[in-house]
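Colleague: No sequence on hand, only this structure:
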């Protein structure tokens, strides 16, 4: 049996037990029921919380000092990620970057355990309510070394490429509520199509700045934000510059956005946003989703996303004139869901975004975003819910995406994307397989176990690596209310 599968098998045997053993004392002490909801199929959502009161033993006096509505969350997660590079390609991350190419590792492997805790206070009484949010993120390396780390971004690597065996960081935000408007200032997690915290690794991403939300109109949620820094998923400290995905190191000092989502019409959600990355580019976003109920337990859903980006100010990333969009149609019948998607990039640069989660395109997959210059891609996906077989909580999914037409020959030679390696006639494909089970009842309720196997193949003009990846994960969310 290949060594990759032997390593994965060992991790598979340990992951569930690790999560259960680590979380069991906490569950027994707090006597709470974990939240039943599970992360989405192709990513990992913020940990939900059960609406359960903390028992009086040992914390009642402290709870009385907190505003009503204060809640706590605790999420434990263990992730094993192994990648095998094909066709002579190598891992250029971590200490490999200091070695001649012939001596670099042909694989990447990381394994870690993460513990994420948060406290979200309610608001003080009165016309203007005050409150605070605090989070603490801890991670411990369980596997990997200086020459296999760096690609999965589960664990931290220092400036010399050495793997760090632990992460310990924290953040806090102060918040003010007036009527239907809330202002949060400090370290926080954000969700929007133009600036969004990713939680698809061991620890979640967070941002530093202020966020204003408003909900006075039924069905309309508005928000505006100004952010100057971020904490990446594997960062050891929280005073980092903004995270940019393709333009390399952060070149702008701030990111601003405003927009909202309207859900006041049946089965329809519409979203509009505009954003500015200081002295780099402006991005406008429009998106919509619509679900049409059909006879016989069937439904048809459509999801559309369009981003329009142009350079602005000093244009530190070079010339940018990019329009990228996707459209996905999904037919659901009983336990089956079949999806067909199309995505197209119009522009001489790749579609780029600030923060790890701000790409809501339909063909942004596990190993590739399919966002290269002038690229067109198709996706075929299938999902099956085993509740139809009497196995609620078990879901399997498969997706295949093929992209072609990549042309990076007209990229601004003095811009930030000139060195990415896009050629003419670039093409590639990706196949993702996923199996996930979420415990539905009992003491382990909410425990989610997942396994993925992803394959990516490309020609030289596409500029991304050929890899086979195995990822195993176990996570268990707990939560409750400290004060009703």
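Modeller: Structure received. In this text, all values refer to a predicted model and were calculated from it rather than measured experimentally.
Colleague: how close does residue 171 sit to residue 270?
Modeller: Counting by Cβ to Cβ, to the nearest Å, the gap from residue 171 to residue 270 is 32 Å. No exception for glycine: its C-beta is placed from N, CA and C like everyone else's.
Colleague: who's more crowded, the two?
Modeller: residue 171 (19 against 16; other Cβ atoms under 10 Å).
Colleague: Please tell me how far that one sits from residue 472.
Modeller: Distance, residue 171 to residue 472, by Cβ to Cβ: 28 Å.
Colleague: hang on, residue 64 packs against residue 483?
Modeller: Yes - contact status for residue 64 versus residue 483: in contact at 7.2 Å, counting by Cβ atoms under 8 Å.
Colleague: Which one's more surrounded, those two?
Modeller: residue 483 (19 against 9).
Colleague: Make sure that one is actually in contact with residue 68.
Modeller: Yes - counting by Cβ under 8 Å, residue 68 is a contact partner of residue 483 at 5.5 Å.
Colleague: So for those two, which residues contact both of them?
Modeller: Jointly contacting residue 483 and residue 68 under the rule Cβ atoms under 8 Å, 6 or more residues apart in numbering are residue 122.
Colleague: Could you list the low-confidence segments of this structure?
Modeller: 1-62, 249-250 (pLDDT under 70).
Colleague: dump the residue contacts of the most centrally placed residue in the chain.
Modeller: Centroid-nearest residue in the chain: residue 198, 3.0 Å away (criterion: Cα atoms, centre = their mean). For residue 198, the contacting residues are 43, 204-205, 233, 355-357, by Cβ under 8 Å, 6+ apart.
Colleague: Export these as JSON lines, with columns for secondary structure.
Modeller: As requested, those are exported to JSON lines (DSSP: H, G, I helix; E, B strand; the rest coil):
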{"residue": "43", "secondary structure": "coil"}
{"residue": "204", "secondary structure": "coil"}
{"residue": "205", "secondary structure": "coil"}
{"residue": "233", "secondary structure": "coil"}
{"residue": "355", "secondary structure": "coil"}
{"residue": "356", "secondary structure": "coil"}
{"residue": "357", "secondary structure": "coil"}
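Colleague: Now that we have the residues you listed, which of them are buried?
Modeller: 204-205, 233, 355-357 (16 or more other Cβ atoms under 10 Å).
Colleague: Mind putting those into a markdown table with distance to residue 427?
Modeller: As requested, the buried ones among the contacts of residue 198 are arranged in a markdown table below (distance: Cβ to Cβ, whole Å):
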| residue | distance to residue 427 |
| --- | --- |
| 204 | 34 |
| 205 | 31 |
| 233 | 30 |
| 355 | 28 |
| 356 | 26 |
| 357 | 27 |
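Colleague: Looking at those, spot the one nearest residue 144.
Modeller: Using Cβ to Cβ, residue 233 comes nearest to residue 144 of the buried ones among the contacts of residue 198, at 15.2 Å.
Colleague: Alright, calling it a day.
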